[in-house]
Structure formats: structure tokens, C-alpha cells
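*Asks:* make a model of this:
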Amino acid sequence: MRLAPWVTALRWISVATTILALSVLLCLLLTGHTALAGVIATVGIVVQSILLALYNERIVRAKDRIADLEADLAVAYLDPVTGLAVRRVAEQHLVDAVGTELTVALIDVDGMHAINTTCTHDGGDLYLADLAERLVHAGHAGDLIARLGGHEFVLVTARDPQALARSLTAALAPPVTIDGVTRPMRVSIGICRTPGGDPHLALGRADRAMYAAKRRGGGIAYYDPVRDGEPLSPGVRPADRRRDRRANWRRTGSS
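*Replies:* The predicted structure is shown next:
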């Protein structure tokens, strides 16, 4: 850990005063001024005690501050609604997995707007928290489950796609009850097998498979490069964006 400038300054002041005091004491003892040497030794001990107390106090404060910052950082990496890791954690996990084959499942809630409308946003949060808990149960040791944002989640595992699909199907099969109303857990899931090291590629392929599942009305779809294509490079805008198609649909429907 790199020390703050004031900590280094206190340390050097302590060293300098110790050397000075010992030099003076040695001169006084050699010249026979023992009484004066005793006074200076006493003063030196007092000064050293004060410096040591200040040094320790500063160190304790610094450690407390570091602990507070680490706690704040841990909170920043957790989603407050579900308790899952956030997107940046998932992306770093994929980066760190370079050289390994991974299975990535992107899970998106179907009909989230209707849930928020009928159950309020508090009910929608309960729905998302329930989904998150099921995803955790579907995961194995070493898997990463994260909320990417909104009502999108990701599960990253070393298991093969079919094994992951079976775990997800079993975990998501039971209905969910919110405010006394029972409804099915409706999601669209895209699953891809991809090399680690490139979060854009991994999440992009799973996202394209997820939208293939959504077009079929939900369920699970496996990534198909012929059907789904490859994700565009970062920063490249697609010629036909989904949000543009939704906007055109609204304008057509209102005319």
C-alpha cells in the first residue's frame, strides 16, 4: 500500500529527531555533562512518544477510510434490487476467462411493462428479485449471475449449453406470486457457446439468440450464426435498429 505524504513526513521526522537526540546525548556524555544529557534524553523520549501517537492515529484513520472505500466499492458492484453483480462485473468476468470456452445465457423478462402496470414498480422489483433468486439456484459453483440492467440478466458457466438450458427450465418453471396474484415466469433466453476474453462478442451472440427466442414467443433459443449473424463491432450503428422499428410501428398504428 502506498503511504500518504504526511505519513512519510512523520516517519522521517521521527528518524531525524532520533538521530539528532542520540548525537547530542553522545556528545554530552563524552564531555561529562551527564545531567544535561538526562534532560535531553527525557525530552527526546517525550517527543518520540508524541510522534508515535500521531503516526498511529493517522494510520488508524487511513485504514478506516480504506475500509469505508472498499465497502462503498463492494456496494457499487451489486445491484440494489436483486443483490446480483452488475454489468461491469459480468464483463470483467468474461475478459478474465480468456483461453476458456464458456456458455453464456442472456435472460430477458417478457411483458415487464405489463407487470409494472398491474403490480406497480414495487411489484416489478419483487418479480425481478424472484427471477434473480431462481437464476442463482440454476447456477453452479464458479458460475456468474449478473443483472445487466433493466430486466436483462446473464448467467455465465463452463457447463455445456444443454445442461444449462435444463437447469434454467427447471428453475423458471414454477409460477411467481406477487401481492396474491400468481402469474407465470415468462422470459426469453438466448444461449451461446463462446470463447472467453471478449464480452462484446459473448453478450452480443447471446443477445441475438435471445431475440430469436422472443420472436418465437419466449423460451430458449441457441445461438445460430446463420440465423443470428455476428454482433456488430463496438460503436457501429445498425442500419435497422429495433427501437426504430418500434417507433415506426407506433406511428403506423396511430395513423
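*Asks:* and stretch 114-126, what's buried?
*Replies:* 115-116, 119, 123-126 (16 or more other Cβ atoms under 10 Å). C-beta coordinates here come from the backbone N, C-alpha and C atoms, glycine included.
*Asks:* out of the residues you listed, which are inside helices?
*Replies:* Of those, the ones assigned to helices by DSSP state H are 115-116, 119, 123-126.
*Asks:* in TSV, list those along with distance to G32 and pLDDT.
*Replies:* Converted to TSV, these look like this (distance: Cβ to Cβ, whole Å; pLDDT from 0 to 100):
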residue	distance to G32	pLDDT
I115	93	90
N116	91	89
C119	92	85
G123	90	92
G124	88	93
D125	83	94
L126	86	95
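*Asks:* helix or strand right after the helix or strand hosting A90?
*Replies:* Per DSSP states H and E: A90 is located in helix 87-96. For helix 87-96, the succeeding helix or strand toward the C-terminus, using DSSP H and E, is strand 101-109.
*Asks:* for that following strand, name the packing helices and strands.
*Replies:* Applying 3 or more Cβ pairs under 8 Å, 6 or more residues apart in numbering; DSSP states H and E, one finds that strand 101-109 contacts helix 112-138, strand 152-157, helix 161-172, strand 187-195, helix 199-215.
*Asks:* paired strands for that strand, with orientation please.
*Replies:* Strand pairing for strand 101-109, using DSSP bridges, gives strand 152-157 (antiparallel), strand 187-195 (antiparallel).
*Asks:* that older thread, same list, the ones in helices among the buried residues of stretch 114-126, but as CSV with distance to A213 please.
*Replies:* Shown next, in CSV, are those (distance: Cβ to Cβ, whole Å):
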residue, distance to A213
I115, 19
N116, 22
C119, 24
G123, 25
G124, 21
D125, 24
L126, 24
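*Asks:* ok, which pair from these is furthest apart?
*Replies:* By the measure Cβ to Cβ, N116 and L126 form the most distant pair in those, at 11.0 Å.
*Asks:* which stretch among the helices and strands packed on strand 101-109 comes nearest V95?
*Replies:* The nearest among these, by Cβ to Cβ, is helix 199-215 at 6.0 Å.
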